[in-house]
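>>> Below: sequence and its predicted model.
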Amino acid sequence: MVGLYWEEWEVGREFKSAARTVTEADLVIYSGLSGDYNPLHTDEEFCKSTDFGTRIAHGPLVYAIAAGLIFQMHLYDDTLVAFLGFENLKFTKPTKPGDTIHARLKVLERRETSKPDRGIMKRQLQVVNQRGEVVLDAVQAFLLKKKPA
């Protein structure tokens, strides 16, 4: 299967991923993997006294789950050259164990590069919970292959 080439990322085009529920196990595994044992992610009793009232997912964990959901859509199979980075990244609401999230993408712009076989695409990424609340909002840039001649 081949993903979308640069030309197929039309400005304004939108995509929606499947959804996935964030679990307590996700928080535990991510804490161990990252070494981030902040009590906001690991200590339920401590969190009862915070504005959140319970543990919250690590921001990078929320992004990682969304990235996995997006890559399962096969949009980049054999067409992605490089992820160039974030223009901005905001965590707008907490994600708690039991929340179900999905990713929304919207193509913002495309531009040529000095190399004729590739181009840059910018997109908005929003991660949305089961209540329709945006919990992550970002703009990302990607270097993509153009269609072969």
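Done, it's in.

>>> how about low-confidence regions in the chain?
Within the chain, the segments meeting pLDDT under 70 span 1.

>>> Name the single longest helix found in it.
When the chain is parsed with DSSP state H, its longest helix is helix 59-71.

>>> Contacts made by that helix with the rest, please.
15, 17-20, 22, 26-27, 30, 34, 89, 91, 95, 101-103, 105, 125, 127, 135-136, 138 (C-beta atoms under 8 Å, 6 or more residues apart in numbering). Any C-beta I mention is one placed from the backbone N, CA and C, and that applies to glycine too.

>>> Which of these are buried? Put it as a ChimeraX command.
In ChimeraX, this line selects whichever of those come out buried by 16 or more other C-beta atoms under 10 Å:
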select :15,17,20,22,26,27,30,91,95,101,102,103,105,125,127,135,136,138
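
>>> Return the subset of the contacts of helix 59-71 lying in helices.
Asp26, Leu27, Tyr30, Ser34.
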